[in-house]
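J.: Give the three-dimensional model of this entry:
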Amino acid sequence: MIWLIAVVPLAGSLVVGLMGRRMPRSLVTGIACGTPSLSLLLSLMAFVRLLQMPAEARLLRASLSSWIASGDFSVSFGFLFDPLSAIMALVVCGVGLLIHIYSIGYMGEDRDYHRFFALLNLFLAEMLVLVLADNYLLLFVGWEGVGLCSYLLIGFWFERPAAASAGTKAFLVNRIGDSAVVVGLIWMILLFKSLDFRTVLTEAPTVLAHGSVTALLLTLLLFIGATGKSAQLPLYVWLPDAMEGPTPVSALIHAATMVTAGVYLVARSAPLFQLAPVSLEIVAWVGGLTALYAASIALVQTDIKRIIAYSTISQLGYMFLGLGVGAYTAGIFHLMTHAFFKALLFLSAGSVIHALAGEQDIRKMGGLRRFLRITAGSFLVGALANAGIAPFAGFWSKDEILFAAYGSGHRLLWVIGALTAAGTGLYMFRLYFLAFEGKSKLDAHTLSHLHEAPWSMRLPLVLLSLGSATVGFVGIPSGSGLLQRFLGSVFPASAHEASAGPSLGAALAATALVIAMLGIVVTFRYYLRDPTKPEALAARYPALYRTLFHKYWVDELYDAAVVRPAVAAARAVSESFDAHIVDGSVNGIAALATWAGSLLRRLQTGQVPAYILSILVGAVVLLGYLAFSG
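T.: Numbers count the residues shown, from 1 in each chain. Modelled structure (predicted):
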């Protein structure tokens with residue numbers, strides 16, 4: 001019955017999407033929130049079933065029917081529930097359900113309430129197809145499905161040009177990565193005559209030589225797709241613009257669906273990546289550099305949601321860093337903890353935006369803690385978890401990744417990760433101090449209307465705060481916690497386990513914690529003690545400040561190097577080839593038909609004697625031909 005986990009929200013999407021306009025709003029809410037609740041219940045039942053099985057045999061499969069059968073190649077509509085897909089399904093359904101509940105209040109006044117929930121259900125269903133598929137082709141169906149849903153939800157308020165443009169940008173950038181995945185799947189069919197996970201990943205060591213060029217190129221194709229979906233260098237540019245969608249959409253994309261798809265693809269394909277050590281190095285370095293790069297941009301941004309968006313890019317970089325150094329469990333551990341505290345941060349930001357009637361500039365806020373105590377407390381928990389402060393969830397999972405990087409000999413990557421931790425403390429608490437502490441910068445009218453969000457928005461904040469504070473404990477002790485033991489049968493052993501002991505791990509964890517806390521202390525001194533210091537620092541280093549504020553001008557670079565040349569080339573083709581050859585051919589054929597018609601028209605005189613004469617002439621010619629040819 002595991003296929004029902006994905007089918008239930010799909011059915012909810014169809015019902016609400018097709019009939020929601022004629023339903024009472026309460027019924028739309030009941031169906032839209034009931035389907036992820038049922039999916040979560042089914043996931044928990046399957047999870048309990050797995051726990052009752054021996055560790056080496058924890059696997060549930062369901063094959064509904066044959067999809068493609070051509071010679072010795074076949075693909076089925078098959079679903080897989082093993083420890084990895086179990087963790088992913090629980091995260092998607094659990095966090096996704098809380099975001100659905102939050103949306104009741106946040107989108108309560110929207111005229112397209114039913115359309116929003118239909119798309120939200122569809123988003124959840126497609127992500128569940130992706131993580132529960134037992135073959136790469138069905139995974140790719142979910143992969144493309146979440147891409148479509150992200151386009152529709154980012155551009156949900158399509159009347160706004162910025163939202164429509166952001167949705168289009170997300171769709172187009174992801175097509176680059178998706179095309180690489182398509183090539184990889186075609187190559188996989190040629191190599192393995194199958195797309196089934198069990199067949200491909202089991203036969204990989206015999207089909208592909210360790211370190212071979214084929215293994216390198218195949219895994220890089222998959223990773224290019226992952227950099228698109230999970231917003232890594234150089235295909236990250238769509239994610240900050242995705243903030244144009246409703247805040248619950250931002251939370252769902254960043255925490256439970258879309259961006260985790262790339263991490264899952266690499267983790268699921270771990271046996272393939274193990275055969276390509278160069279690919280793993282590329283994964284680790286792209287992840288590490290993306291983490292530091294995005295954190296540096298977040299230091300000076302002023303939009304509350306964009307700061308959190310760059311934080312997501314940075315934290316995803318940590319996950320790929322973990323996967324690249326062979327610590328697959330640590331990467332998935334951070335994916336799980338990140339889902340809680342990132343959803344919490346976005347939904348807390350949504351409560352602020354809701355209370356301030358759409359204001360998102362943190363420079364115009366301040367002192368909100370006195371009016372929004374639950375929101376402020378929730379955001380503080382999320383910020384502490386994101387910054388990796390013990391004992392909150394982010395500390396344990398981030399520590400696992402940094403420990404793996406150091407223990408596997410990637411000392412420079414550990415330094416990059418530690419610097420990113422300091423940057424995370426800086427930008428998260430810059431945001432918190434400017435928005436929730438200090439002197440209020442709001443006008444009297446706005447202050448008089450400040451109020452906490454309704455219960456449907458507060459309840460998810462409280463539950464996510466509890467998760468962000470406690471879910472990291474499943475990874476204790478490091479390397480042998482409940483989560484690590486549960487995932488042990490899915491992944492090969494981490495590269496760092498044999499070369500680093502617990503004492504070194506404790507020292508590294510303490511160092512990373514001190515670095516993160518140092519970032520918070522610096523932020524406190526600069527933004528609360530003496531708020532003039534940031535402006536003085538920006539004036540002292542104007543070139544650096546402008547570079548960070550303008551996000552290294554990467555969007556401008558892409559516009560100049562890719563977008564404008566593509567538009568110019570399209571215009572040139574339109575004005576030359578399309579106008580002269582395509583249109584010329586069509587118009588020429590039409591002109592030829594017109595000319596031929598004008599000639600034939602002369603034969604139609606309307607005079608009966610002329611028609612009789614033409615018949616006689618034709619008969620004489622025909623008889624003459626028959627006489628001479630015989």
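
J.: any idea how far Leu321 is from Ala512?
T.: Here the criterion is CB to CB, to the nearest Å. By it, Leu321 lies 13 Å from Ala512. C-beta coordinates here come from the backbone N, C-alpha and C atoms, glycine included.

J.: what residues are shared contacts of the two?
T.: Gly417 (CB atoms under 8 Å, 6 or more residues apart in numbering).

J.: More neighbours: which of those two?
T.: Leu321 (33 against 25; other CB atoms under 10 Å).

J.: who's in contact with that one?
T.: With CB under 8 Å, 6+ apart, Leu321 has these contacts: 284, 287-288, 291, 331, 401, 405, 413, 417.

J.: Recalculate using a threshold of 6 Å.
T.: When contacts are counted by CB atoms under 6 Å, 6 or more residues apart in numbering, Leu321 touches 284, 287-288, 401.

J.: same thing with Tyr527?
T.: By CB under 6 Å, 6+ apart, the contact list for Tyr527 reads 430, 433.

J.: at 10 Å what do you get?
T.: 426, 429-434, 437-438, 533-534 (CB atoms under 10 Å, 6 or more residues apart in numbering).

J.: and Ser66, that's in a strand?
T.: Yes - checked against DSSP: H, G, I helix; E, B strand; the rest coil, Ser66 lies within a strand.

J.: out of everything not next to it in sequence, what's closest to it?
T.: The shortest distance from Ser66 to any non-neighbouring residue, by CB to CB, 6 or more residues apart in numbering, is to Ser76 (5.5 Å).

J.: was I right about that neighbour contacting Arg198?
T.: No - with contact defined as CB atoms under 10 Å, Ser76 does not reach Arg198; the gap is 11.6 Å.

J.: Give the residues shared as contacts by those two.
T.: 61, 134-135.

J.: so can I have CSV of the residues you listed showing secondary structure?
T.: What follows is these, written out as CSV (three-state DSSP):
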residue, secondary structure
Arg61, strand
Asp134, coil
Asn135, strand
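
J.: Kindly reformat these as a markdown table containing neighbour count.
T.: Compiled in a markdown table, the shared contacts of Ser76 and Arg198 are given as follows (neighbours: other CB atoms under 10 Å):
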| residue | neighbour count |
| --- | --- |
| Arg61 | 13 |
| Asp134 | 24 |
| Asn135 | 25 |
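
J.: Show me which helix or strand of the chain is least confident by mean pLDDT.
T.: helix 444-448 (a mean of 79; mean pLDDT, DSSP states H and E).

J.: What lies in contact with that helix?
T.: 355-357, 359, 364-365, 367-368, 370-371, 440, 442.

J.: element containing Leu537, please.
T.: Using DSSP states H and E, Leu537 falls within helix 533-540.

J.: and the next element down the chain from that helix?
T.: Following helix 533-540 in sequence, per DSSP H and E, is helix 542-549.

J.: What is that next one packed up against?
T.: helix 277-298, helix 533-540 (3 or more CB pairs under 10 Å, 6 or more residues apart in numbering; DSSP states H and E).

J.: Nearest to Tyr552 among those helices would be which one?
T.: helix 277-298 (7.2 Å; CB to CB).

J.: Now do the buried residues in stretch 541-553.
T.: 545, 548, 551 (16 or more other CB atoms under 10 Å).
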